[in-house]
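Student: here are the coordinates; sequence isn't available:
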C-alpha cells in the first residue's frame, strides 16, 4: 500500500510517499480501506516534533472508509461496513488497522468525505460546547478562527445551544463563512484589537467563555476578554505554544483556564458514540453543515500541510486515499 512516512521531524518536506505492506488486523482490530484522511494541526505538531512520536511513523489520526477484514474477537464491526474514527495514528495511508472499539458506523445519509471531515473537529466542537464549558441560552462565546475547520462547526453548535457568538476572522471571505455558520458578531483581528472589540460588543462585561485554538498570539487578550469567573478554553496553538505564565493573572477576574484534549472526552465508547452519532444525525437531517475546503491526493500531503500552516484554508482539508 501507499503511505506517507516521516523518518525525521521537520517541515512539510519531511513527509515522503512510500510503499508499505498492508497491515494485518490483530485481535480486536479491523482493517479499514481508507477513502479519506482528515488533515489537522495535530498532524503538523507530530511532523514537526512538537508532539514527538516514535520514528518512523505515518501521520494522520482521523479517517473514514470501508472495513476490509476483521481480527479475532470482533463482533460489532463487519466486513463492508462504512466506518470513521479519530485519535488513531496512521491515516495518511491506503489501509489502517484500528481497534474496533474506536470505529463508529457511518450512516448511509453521511458521505465518507464528510464523515472523515467531522470526526476530530466535529467531536472537538461537541465536547467544547457540551462538556468543557456547557453553553446555555444567553451565554456569550468568543470563537477564534471562526472560519476554520473547528471554528465553523463550533459556531454552529454554540448557536444550537442558544449562545451569542462573537467570531474572529482575518478576511471578508472568512467573515462571510462565519456569518453563514451563525456568528452574531464578527471581529477582524487584522484591523482592531479583538479584546477592545469584545468589551465594546458586551458593554464592558466580557464573554462567558473563550474557545481559543490559536495560542501564543491570542492568549493574553483572550484572558482580558473574559467576564469575572469566565472560562478560557485553550485547545490548540496554531500560532505557537503559550509561554509560561503566572497563575496570578487568572486572579484578576477569578477566571478559569483549561487545556482539554479530545482523547479524554471520548475515552469511553459510550461517550464516543454519543458525540459522533449526534454529529451524524444533525448532518443527515441538514441541521449541521460541514464545509470541506478541498480534498488533495495522498501524494500531496506536503502541500496540504503548507496550506494549513499558512492559514490558507476555510473549512476542512482532506487527503483522498
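Tutor: Everything's here; your move. For clarity, every value in this text was computed on a predicted model and none was experimentally measured.

Student: any idea which helix or strand carries the one residue sitting closest to the centre of the chain?
Tutor: Nearest to the mean C-alpha position of the chain, counting by CA atoms, centre = their mean, stands residue 121 at 2.7 Å. Using DSSP states H and E, the element containing residue 121 is helix 112-127.

Student: Tell me how far the nearest residue to residue 89 once chain neighbours are set aside lies from residue 290.
Tutor: In this structure, residue 89 finds its nearest non-sequential neighbour in residue 61, 5.5 Å apart by CB to CB, 6 or more residues apart in numbering. For glycine as for every other residue, the C-beta is placed from the backbone atoms N, C-alpha and C. Using CB to CB, to the nearest Å, residue 61 is found at 18 Å from residue 290.

Student: now swap in residue 41 and tell me
Tutor: In this view, residue 41 and residue 290 are 18 Å apart by CB to CB.

Student: Next: residue 82.
Tutor: Going from residue 82 to residue 290 by CB to CB gives 16 Å.

Student: the more surrounded of these two?
Tutor: Relative neighbour count places residue 290 above the other of residue 82 and residue 290, with 23 against 19, counting by other CB atoms under 10 Å.

Student: tell me the secondary structure for the more buried one?
Tutor: Assigned state for residue 290: coil (three-state reduction, DSSP: H, G, I helix; E, B strand; the rest coil).

Student: which ones are touching it?
Tutor: If a contact means CB atoms under 8 Å, 6 or more residues apart in numbering, then residue 290 has 114, 117-118, 122, 153, 283, 315-316 as its contacts.

Student: Go again with 6 Å.
Tutor: Contact partners of residue 290, counting by CB atoms under 6 Å, 6 or more residues apart in numbering, are 114, 117-118.

Student: what does the model give it for pLDDT?
Tutor: Residue-level confidence at residue 290 comes out at 94, pLDDT.

Student: What distance do you get for it to residue 196?
Tutor: Using CB to CB, we find residue 290 at a distance of 33 Å from residue 196.

Student: With residue 57 instead?
Tutor: 43 Å.

Student: which of these two has more neighbours?
Tutor: Set side by side, residue 57 and residue 196 show more neighbours around residue 57, with 18 against 13, by other CB under 10 Å.
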